[in-house]
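Peer 1: Here is a sequence with its predicted model. Questions after.
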Amino acid sequence: MRVFLYIAVICLFGCSSGKENTVISTEKPFQLIQFTHKNTNIYLLKKDKRAVLIDAGYESTYDRIEGLLTDHNVSTGELDHVIITHAHADHAGSAYQLQKNYNCKVIAGRADSAYIVNGLNVDICPTSLFAHILSWGTPDQYPPVEPDIYVDTAQNYLIENWDIEIEVLPGHTPGSLVIYIDSIAFVGDLIRGKPLNRDQPARHYFMCDVRDNDQDIEYLLSKEHLTKWYPGHFGPLMVDEVKAWAGREL
């Protein structure tokens, strides 16, 4: 019975939303490529001949990320940073290989350091039966990586030549990061989109402190200059949609 439920959920979760997808859009002053593999988003930012990646997918995603970089003419030495939003296997899995092969700097939250340097997940806390079933197929290890730059809580980090600001927003993990560029935010697993309606917000499947998550969402909504959030799964989410959902659900 357990195996049957697992297969049914994975089919619903994976087949209904597509396992691999690439969306290209222009978010001034850079090009944004949203690449999705196994329902996890990797974001490639391109400006002139430089590039930044936000998240690194699973370990098994590496070959596809390498293909993505090749397709968009990003060579070794042109990838400046890989920003890991948090220490889970579906977001940090290929970080070590990217650091090694592209000579790029890996950025992570210091409060996740004990996990990421050992290739371990911060604890996940399923929020529903569906999430419990999903957790059965979640890898609990990935190649360890030593970040080049740590972002400390209450001390934002700036990548000046990109106008990128990075803030630690503890919740999903102690060192979870939010990345701001102009009017958009890359929010990791603070929130997600729905599998069948990608642009509709929903509570993430794994969250240890739901009330703390509510407060984090409300905090980010207080940043009135933001118009769009890019989550780690599904999306993107327009801030007005998140506000309407938060008014009903939080």
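Peer 2: Nice, thanks for sending it over.
Peer 1: For Leu158, give the beta-bridge partners.
Peer 2: Glu165 (DSSP bridges).
Peer 1: burial count for it?
Peer 2: By other CB atoms under 10 Å, the residues close to Leu158 number 11. Where you see a C-beta, it was placed from the backbone N, CA and C, and this is true even at glycine.
Peer 1: what do you get for the one 5 residues further on?
Peer 2: Per other CB under 10 Å, the neighbour tally for Asp163 reads 13.
Peer 1: what number of residues lie near the spatially closest residue to it that is not a sequence neighbour?
Peer 2: Leaving aside its sequence neighbours, Asp163 sits nearest to Ile181 (CB to CB, 6 or more residues apart in numbering; 6.3 Å). Close neighbours of Ile181, defined as other CB under 10 Å, add up to 21.
Peer 1: And the one 3 residues further on, by the same measure?
Peer 2: Burial of Ile184, expressed as a neighbour count using other CB under 10 Å, amounts to 18.
Peer 1: Which strand residues bridge it?
Peer 2: Ile181, Lys228.
Peer 1: I'd like the next helix or strand past the helix or strand where Asp90 lies.
Peer 2: Secondary structure from DSSP states H and E places Asp90 in helix 89-92. The first helix or strand that comes after helix 89-92 along the chain, using DSSP H and E, is helix 95-102.
Peer 1: Name all residues that make contact with Arg192.
Peer 2: The contact partners of Arg192, by CB atoms under 8 Å, 6 or more residues apart in numbering, come to 201-205, 231-235.
Peer 1: Tell me the most packed of the residues you listed, by neighbour count.
Peer 2: Top of those by neighbour count (other CB under 10 Å): Gly232, with 29 neighbours.
Peer 1: just wondering, since we're on Trp229, how far is it from Arg248?
Peer 2: Applying CB to CB, to the nearest Å, the value for Trp229 to Arg248 is 17 Å.
Peer 1: more neighbours, the two?
Peer 2: Trp229 (24 against 6).
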